[in-house]
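# Give me a 3D structure for the following:
(one chain, ligands or ions: 1)
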Amino acid sequence: MTTTPATASLLSHAESVWQAVAPALPGFTVEVLPTVDSTNTELMRRARAGQNAPVLLVAETQTAGRGRLGKSWHSRPGQSLTFSLALPLAPADWSGLSLAVGVSLAESLHPDVRLKWPNDLWWQERKLGGILVETASPTTASGHAPRTLVVGIGLNVNRPEATAAVPPVPGALPPMPPAGVAELVMGVTAGELLEQVVPALVRDIQRFETDGFAAFAARFAARDALHGRAVVLSDGGTGVAAGVSAQGGLRVRTADGQLHEVTSAEVSVRPC
Ligand code: BTN
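Numbering: from 1, shown residues only. Sure thing, here's the model as predicted:
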C-alpha cells in the first residue's frame with residue numbers, strides 16, 4: 001500500500017496522541033484506517049462484541065458516516081477529520097455528556113468557537129463540525145460489564161462546498177453555509193487538529209465521569225450560541241432560548257412566559 005503525505009501526517013500525529021493519552025488511559029490504542037463505513041458504527045460493533053479497551057479510530061474516508069437524529073454525515077476525504085473515541089465509562093449520571101464533549105472540543109479549537117445546543121460546533125453561525133455520542137452495552141453472561149461510550153467527531157478542516165440551504169424546520173432561518181477550522185486556525189491540518197483536541201477530550205470525559213455535567217455547565221454557558229435567541233423546534237414550537245438545565249436540556253421560554261425543557265429536538269434560530 002502506498003502512503004500519501006496526508007496519511008503519513010495523520011499517522012505521525014496519531015502516534016503523538018497515543019503518547020499523550022496512554023499514561024492516563026491504560027490499554028489505550030490508536031488506529032488509522034484509509035476507509036470504514038463509519039468510525040462510530042465500527043466501535044459500536046466492537047463494544048457490543050465485548051471489546052471495551054479504550055481506542056481511538058481515525059478514518060480518512062467514511063462510506064456511511066452517521067450524524068445525530070438518524071441523519072447521514074458526509075465529509076470530503078482530505079478536507080475533514082473524522083474519528084471516534086471509545087472507552088468504558090461509569091458516571092453516576094449520563095445527563096449532559098454530549099454537551100460536555102462539545103465544550104471540550106470548542107475550548108480546544110478556538111476561543112471564538114460557539115456551541116449550538118446540544119453540541120454543534122459553530123463559528124460565526126456556521127457549522128464547523130458535529131458530535132455523535134452513543135453508548136453500547138456488551139452482551140455478557142453476567143450483564144455487569146460497564147457501558148462503553150463511543151464519541152464520534154466530524155470536523156471540517158477546510159470549508160466545505162456550500163450546498164442548497166434548506167431551512168431545517170418551517171419558520172427557521174436557512175442555515176448558513178458550513179465553515180472549516182482552517183478559516184480560524186490558518187493552514188491547520190487534520191493531524192494537527194487530532195492532536196489538538198483528543199488529549200483534552202479524554203481528560204474532560206474522565207472529569208465528567210467523576211463530576212458530571214456540573215463541571216461543564218458554566219463552560220457551556222460561556223459558549224452558548226443560542227442564549228437569548230428566538231428559536232423554532234422541530235415540533236413547530238417557538239420561544240426564546242434561555243440556557244441549559246442541570247441535566248443539559250435546552251430551556252426555552254415560550255410567549256406565555258413559561259420555561260420548557262427540551263431534551264431531544266432539532267433547534268433552529270428563527271428570524272427576529
Ligand atoms: C452531527 O452533527 O449530526 C454529528 C456528526 C458526527 C459525525 C462523526 S464523523 C466520525 C463519527 N462517525 C460517524 O459516522 N459519525 C461521527
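
# For stretch 264-271, buried residues please.
Buried residues in stretch 264-271, counted by 16 or more other C-beta atoms under 10 Å: 265, 267-270. Every residue, glycine included, has its C-beta placed from N, CA and C.

# the helices in the chain, which residues?
In the chain, helices defined by DSSP state H lie at 5-21, 39-48, 97-109, 190-211, 217-221, listed in chain order.

# Ok, which of those helices comes nearest the ligand?
Closest to the ligand of the helices of the chain is helix 39-48 (C-beta to the nearest ligand atom; 4.0 Å).

# so which residue of the stretch 1-150 of the chain comes closest to the ligand?
Counting by C-beta to the nearest ligand atom, the stretch 1-150 of the chain gets nearest the ligand through G130, at 1.9 Å.

# Please name the residues that touch that residue.
67-68, 73, 119-121, 153-154 (C-beta atoms under 8 Å, 6 or more residues apart in numbering).

# per-residue confidence for it?
pLDDT for G130: 97.

# Report the beta-bridge partner residues of it.
Here G130 shows beta-bridge partners G154, assigned using DSSP bridges.

# what about L115, neighbour count?
24 (other C-beta atoms under 10 Å).

# So which bits of this protein are right by the ligand?
38-40, 62, 65-68, 71, 73, 82-84, 120, 130-132, 152-154 (C-beta under 6 Å from any ligand atom).

# ok, V17 touching L194?
Yes: the pair formed by V17 and L194 meets the contact definition of C-beta atoms under 8 Å, at 6.0 Å.

# before we move on, back to that, turn the buried residues of stretch 264-271 into JSON lines, columns for distance to R229 and pLDDT.
Shown next, in JSON lines, are the buried residues of stretch 264-271 (distance: C-beta to C-beta, whole Å; pLDDT from 0 to 100):
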{"residue": "A265", "distance to R229": "15", "pLDDT": "75"}
{"residue": "V267", "distance to R229": "10", "pLDDT": "88"}
{"residue": "S268", "distance to R229": "10", "pLDDT": "86"}
{"residue": "V269", "distance to R229": "5", "pLDDT": "84"}
{"residue": "R270", "distance to R229": "8", "pLDDT": "80"}
